[in-house]
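Novice: sequence plus the predicted model coming up.
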Amino acid sequence: MSALPREELRGLFLFEHLSEDQLDWIADNAVLEEYAADSTVISEGGEATCFYVLLHGAIRMTRLVSGTEVETNRSDQRGAYFGATQFFVHQESEHIYNATVRALSDVTFLTLPSKEFSFEFRRWFPMATHLLEGMYLGWRNSDTVIGSRRRLLALGELSAGLTHELNNPAAAAVRATSALRERVAGMRHKLAFLAKKDIDPELLHQLIDVQERLVKQVAQAEKLTAMQQADREDEIGDWFDDRGIDGGWDLADIYVRAGLTTADLDDVLEQVGDTFIDGAVRWLAYALETEMLMGEIEDSTTRISALVGKAKQYSQMDRAPHQWVDVHDGLDSTLVMLSGKLGGVRVVKEYDRSLPKIPAYPAELNQVWTNIIDNALGAMAGEGTLTLRTWRVDDQIRVEVGDTGPGIPADIKPRIFEPFFTTKPVGEGTGLGLDISWKIVVERHQGDLRVESEPGNTRFEVCLPTVEQASL
């Protein structure tokens with residue numbers, strides 16, 4: 001088909017300021033192409049050979065994100081363009097289409113060959129071409145470098161926080177293991193001491209029964225206040241003094257922590273008699289302390305296991321990329337990973353645990369929680385309250401992250417989701433965190449991300465659908 005006449009070309013906003021000769025070149029090299037409704041005009045990843053200008057109809061543009069087709073734009077504006085839009089950039093490899101475009105109705109395009117148009121464009125606008133090319137290549141390179149650097153820094157910070165959290169229970173387990181070795185050696189020594197006293201085998205058997213019964217009480221030991229602890233130590237210490245047992249005050253602490261009382265000691269005395277009571281209570285003290293140390297080791301290793309589990313939950317290691325998830329798991333694991341940054345911040349959880357699981361990409365949602373919570377902690381500078389709240393509205397669940405920081409000024413709030421926009425000092429932020437979060441929530445999960453802010457009350461609200469969304 002023949003191209004448009006010069007007068008009609010000048011009516012398109014792209015060409016309205018071209019010279020007569022330039023319009024003639026467009027008219028001579030352009031062709032008209034028509035596509036029926038629901039047909040594919042160009043496919044993402046295909047060789048970018050043409051520059052398209054919409055003349056009539058409506059189109060829909062999509063991109064593949066981790067195997068899912070995401071709609072990025074729709075238009076029926078005459079003069080809208082797509083296709084080989086980076087035709088002005090010199091590069092060794094072939095240009096490819098970065099999106100798929102489909103016709104929503106019968107459409108007509110003005111189509112220009114990209115290689116020939118690139119040559120003419122550079123000849124017509126040499127300075128503009130250099131500026132555009134420099135801007136495009138500079139943005140692409142900085143995006144790659146800064147994005148990689150940001151991910152490495154974030155990984156380092158999260159690893160440091162997790163290492164700090166793991167160190168405490170690990171160190172506790174090491175200390176308890178060392179003390180346990182000493183107590184076991186002492187228990188063997190006391191048992192040998194009792195044996196040298198020619199203790200009646202039946203009495204030794206009774207003593208072992210008492211030991212087993214008292215050790216079982218350790219797990220059920222009640223938590224005492226400092227005053228209750230002191231009063232009970234005085235009672236047990238006096239009991240030891242009354243029976244001439246040296247160092248009774250040191251032994252009293254062990255018996256109290258094990259949850260025992262003077263009534264338990266009376267039972268021991270009844271079983272072994274005055275002759276063996278000194279050696280018996282010391283041997284039992286070793287047995288009780290051994291049990292408590294094993295409890296400490298169990299608690300410490302359980303904490304380590306729980307932390308590793310949270311780290312796996314956060315990273316989604318060995319899990320399918322898309323699954324039905326409980327958002328509370330991701331929020332909690334993110335708090336664990338960022339625990340090193342909490343400082344004096346108080347965390348308040350207002351979770352609706354009745355919320356259903358939702359279809360999502362949990363590893364990507366964890367990026368969202370990390371970016372938003374990290375920004376909140378940064379805004380509060382180690383002091384304030386971080387509030388995490390969840391609830392349901394119709395077919396959406398809502399996740400709110402609130403902080404008591406200084407707030408977001410009204411004049412910059414409309415820009416906070418723009419790429420590379422940041423209010424942090426130079427070198428402290430890349431301006432990509434909220435942009436990435438927006439894309440994950442809105443484009444990837446077809447949800448919404450909102451913010452309300454005033455001094456002392458900033459709230460980011462993430463809206464996520466509770467049902468599978470139809471492919472775009």
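Specialist: Ah, there it is. Numbering: from 1, shown residues only.
Novice: which helix or strand contains the spatially most central residue of the chain?
Specialist: Nearest to the geometric centre of the chain sits residue 366, at 3.2 Å (C-alpha atoms, centre = their mean). Residue 366 belongs to helix 362-380 when assigned by DSSP states H and E.
Novice: hang on, residue 441 in a strand?
Specialist: No - counting by DSSP: H, G, I helix; E, B strand; the rest coil, residue 441 is not found in a strand; it is helix.
Novice: OK, contacts around it?
Specialist: Contact partners of residue 441, counting by C-beta atoms under 8 Å, 6 or more residues apart in numbering, are 368, 447-449, 462-464. Where you see a C-beta, it was placed from the backbone N, CA and C, and this is true even at glycine.
Novice: the strands in the stretch 101-250 of the chain, which residues?
Specialist: 107-113 (DSSP state E, counting those that start in this stretch).
Novice: same deal with the stretch 251-400 of the chain?
Specialist: Using DSSP E, counting those that start in this stretch, strands in the stretch 251-400 of the chain cover 323-325, 344-350, 358-360, 383-393, 396-403.
Novice: which residues touch the third one?
Specialist: Contact partners of strand 358-360, identified using C-beta under 8 Å, 6+ apart, comprise 322-325, 327, 397, 445, 464-469.
Novice: coming back round to it: residue 333 is in contact with the residue nearest to the centre of the chain, correct?
Specialist: Yes - using C-beta atoms under 8 Å, residue 366 is in contact with residue 333, at 6.9 Å.
Novice: residues near residue 210, how many?
Specialist: 19 (other C-beta atoms under 10 Å).
Novice: quick one: residues contacting residue 453.
Specialist: 407-408, 413, 459.
Novice: could you identify the most distant pair in these?
Specialist: 413 and 459 (12.1 Å; C-beta to C-beta).
Novice: so what sits against both of these two?
Specialist: With C-beta under 8 Å, 6+ apart as the test, residue 413 and residue 459 both reach 451, 453.
Novice: still on that earlier bit, what is the mean pLDDT for the helix holding residue 366?
Specialist: Helix 362-380 comes out with an average pLDDT of 87.
Novice: then it to PDB, C-alphas only?
Specialist: Output in PDB follows, covering the C-alpha atoms of helix 362-380 (Å, rounded to 0.1, in the frame of the first residue of the first chain):
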ATOM      1  CA  PRO A 362       7.000 -15.400  48.000                       C
ATOM      2  CA  ALA A 363      10.700 -14.700  47.400                       C
ATOM      3  CA  GLU A 364       9.700 -11.500  45.500                       C
ATOM      4  CA  LEU A 365       7.200 -10.500  48.200                       C
ATOM      5  CA  ASN A 366      10.000 -10.800  50.700                       C
ATOM      6  CA  GLN A 367      11.900  -8.300  48.600                       C
ATOM      7  CA  VAL A 368       8.900  -5.900  49.100                       C
ATOM      8  CA  TRP A 369       8.800  -6.400  52.800                       C
ATOM      9  CA  THR A 370      12.600  -5.900  53.100                       C
ATOM     10  CA  ASN A 371      12.500  -2.700  51.100                       C
ATOM     11  CA  ILE A 372       9.600  -1.200  53.000                       C
ATOM     12  CA  ILE A 373      10.600  -2.300  56.500                       C
ATOM     13  CA  ASP A 374      14.300  -1.300  55.900                       C
ATOM     14  CA  ASN A 375      13.100   2.200  54.800                       C
ATOM     15  CA  ALA A 376      10.900   2.500  57.900                       C
ATOM     16  CA  LEU A 377      13.800   1.500  60.200                       C
ATOM     17  CA  GLY A 378      16.100   4.000  58.400                       C
ATOM     18  CA  ALA A 379      13.500   6.800  58.800                       C
ATOM     19  CA  MET A 380      13.200   6.100  62.600                       C
END
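Novice: would you mark the buried spots in that helix?
Specialist: 362-377, 379-380 (16 or more other C-beta atoms under 10 Å).
Novice: can you check stretch 379-395 too?
Specialist: 379-380, 384, 386-390.
Novice: turn the residues you listed into a markdown table, columns for distance to residue 97.
Specialist: What follows is the buried residues of stretch 379-395, written out as a markdown table (distance: C-beta to C-beta, whole Å):
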| residue | distance to residue 97 |
| --- | --- |
| 379 | 41 |
| 380 | 45 |
| 384 | 48 |
| 386 | 44 |
| 387 | 45 |
| 388 | 42 |
| 389 | 43 |
| 390 | 40 |
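Novice: where does the prediction get shaky in the stretch 251-400 of the chain?
Specialist: 305-307, 309-320 (pLDDT under 70).
Novice: the nearest residue to residue 248 once chain neighbours are set aside: how many residues sit nearby?
Specialist: Nearest in space to residue 248, with sequence neighbours left out and distances taken as C-beta to C-beta, 6 or more residues apart in numbering, is residue 240 at 2.6 Å. Residues near residue 240, counting by other C-beta under 10 Å, number 22.
Novice: do the one 5 residues further on as well
Specialist: The criterion is other C-beta under 10 Å. On that basis, residue 245 has 17 neighbouring residues.
Novice: cool, residue 403 as well?
Specialist: 25.
Novice: cool, residue 215 as well?
Specialist: Count around residue 215 with other C-beta under 10 Å applied: 17.
Novice: tell me who's in contact with the residue lying closest to it once chain neighbours are set aside.
Specialist: Spatial nearest neighbour of residue 215, chain neighbours left out: residue 291 (4.8 Å); criterion: C-beta to C-beta, 6+ apart. With contacts defined as C-beta under 8 Å, 6+ apart, residue 291 is in contact with 215, 218, 258.
Novice: residue 262: which of the strands of the stretch 251-400 of the chain is closest?
Specialist: strand 344-350 (41.7 Å).
Novice: got the buried residues for the closest one?
Specialist: Neighbour-count burial for strand 344-350 [16+ other C-beta under 10 Å]: residue 345.
Novice: which residues in this structure form helices?
Specialist: 6-10, 20-29, 114-124, 126-196, 201-218, 226-242, 248-257, 262-315, 327-337, 362-380, 433-438 (DSSP state H).
Novice: reformat these as TSV; add distance to residue 345.
Specialist: Listed next are the helices of the chain as TSV, based on distance: least, C-beta to C-beta, whole Å:
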stretch	distance to residue 345
helix 6-10	61
helix 20-29	61
helix 114-124	54
helix 126-196	13
helix 201-218	36
helix 226-242	28
helix 248-257	33
helix 262-315	18
helix 327-337	10
helix 362-380	6
helix 433-438	18
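Novice: quick one: closest of these to residue 349.
Specialist: Using C-beta to C-beta, the helices of the chain put helix 327-337 closest to residue 349, at 8.0 Å.
Novice: would you mind measuring from the residue nearest to residue 22 when sequence neighbours are not counted to residue 132?
Specialist: With sequence-adjacent residues excluded and distances taken as C-beta to C-beta, 6+ apart, residue 22 is closest to residue 124, at 5.9 Å. Applying C-beta to C-beta, to the nearest Å, one obtains 13 Å for the distance of residue 124 from residue 132.
Novice: in stretch 265-284, what counts as buried?
Specialist: For stretch 265-284, by 16+ other C-beta under 10 Å, it's 265, 268-269, 272, 276-284.
Novice: burial count for residue 358?
Specialist: For residue 358, using other C-beta under 10 Å, the count is 21.
Novice: what's across from it in the sheet?
Specialist: residue 325 (DSSP bridges).
Novice: gap between it and residue 329?
Specialist: Taking C-beta to C-beta, one finds residue 358 at 12 Å from residue 329.
Novice: now residue 88
Specialist: 48 Å.
Novice: and residue 228, how far is that from residue 237?
Specialist: Computed as C-beta to C-beta, the residue 228 to residue 237 distance reads 15 Å.
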